[in-house]
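> Just need the structure, nothing else, for what follows:
(one chain, ligands or ions: 1)
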Amino acid sequence: MPKSDIMTSQDSPAKPTHCPRCNSTQFQLSDFVQYQIFPGGGYQPCSRPRQAAVCLCGYSISTKSLNSRNPEDRSFKESIDSARESCKRKSSDQLLEGLRRDFIDRAEFQELRDQINILANVLEQIRKADKEKPPHKP
Ligand SMILES: [Zn+2]
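Reported below is the predicted structural model:
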């Protein structure tokens with residue numbers, strides 16, 4: 001296995017790398033390749049694989065130092081940077097805003113619950129009144 005920048009060496013005590021974004025220590029090593037994908041189906045690779053450690057949160061770290069003079073390394077680094085920028089845009093504030101849009105909060109839930117209880121009481125009163133009414137004679 002090739003030595004990588006994120007793995008600890010054999011002679012130093014094992015100290016896991018932390019994700020700079022979420023502080024997780026769990027990564028999956030994956031090979032990334034550029035593909036040409038044909039609209040009618042099929043694909044072909046158009047670069048050699050580049051390896052990255054991908055965190056549970058999606059943050060990726062190249063396992064090798066990339067040489068900006070090498071076009072494939074440069075393209076891989078640009079892709080990593082682009083993915084990181086995209087993740088930054090989806091900030092926690094935006095996620096919260098999306099949740100607020102799609103879900104009700106505790107106060108709204110309580111208000112709806114109160115209204116349902118009022119309607120249930122009204123329905124019960126109507127049913128009671130119907131039972132107490134003398135039977136309808138034609
Ligand atoms: Zn992470």
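
> Could you pull up the contacting residues of Q26?
C55, L56 (C-beta atoms under 8 Å, 6 or more residues apart in numbering). C-beta coordinates here come from the backbone N, C-alpha and C atoms, glycine included.

> List the buried residues of the longest helix along the chain.
The longest helix of the chain (DSSP state H) is helix 106-132. Neighbour counts over helix 106-132 (16 or more other C-beta atoms under 10 Å) mark no residue as buried.

> Same question for stretch 14-30.
Residues of stretch 14-30 classed as buried: T17, C19, F27 (neighbour count, 16+ other C-beta under 10 Å).

> In strands, which of the residues you listed appear?
With strands taken from DSSP state E, the overlap with these comprises F27.

> Near the ion, which residues of the protein are found?
Contacts of the chain with the ion, taken as C-beta under 5 Å from the ion, map to C19, R21, C22, S24, C55, C57, Y59.

> and the fourth one, that one's in a helix?
Put plainly, it is S24. No - counting by DSSP: H, G, I helix; E, B strand; the rest coil, S24 is not part of a helix but coil.
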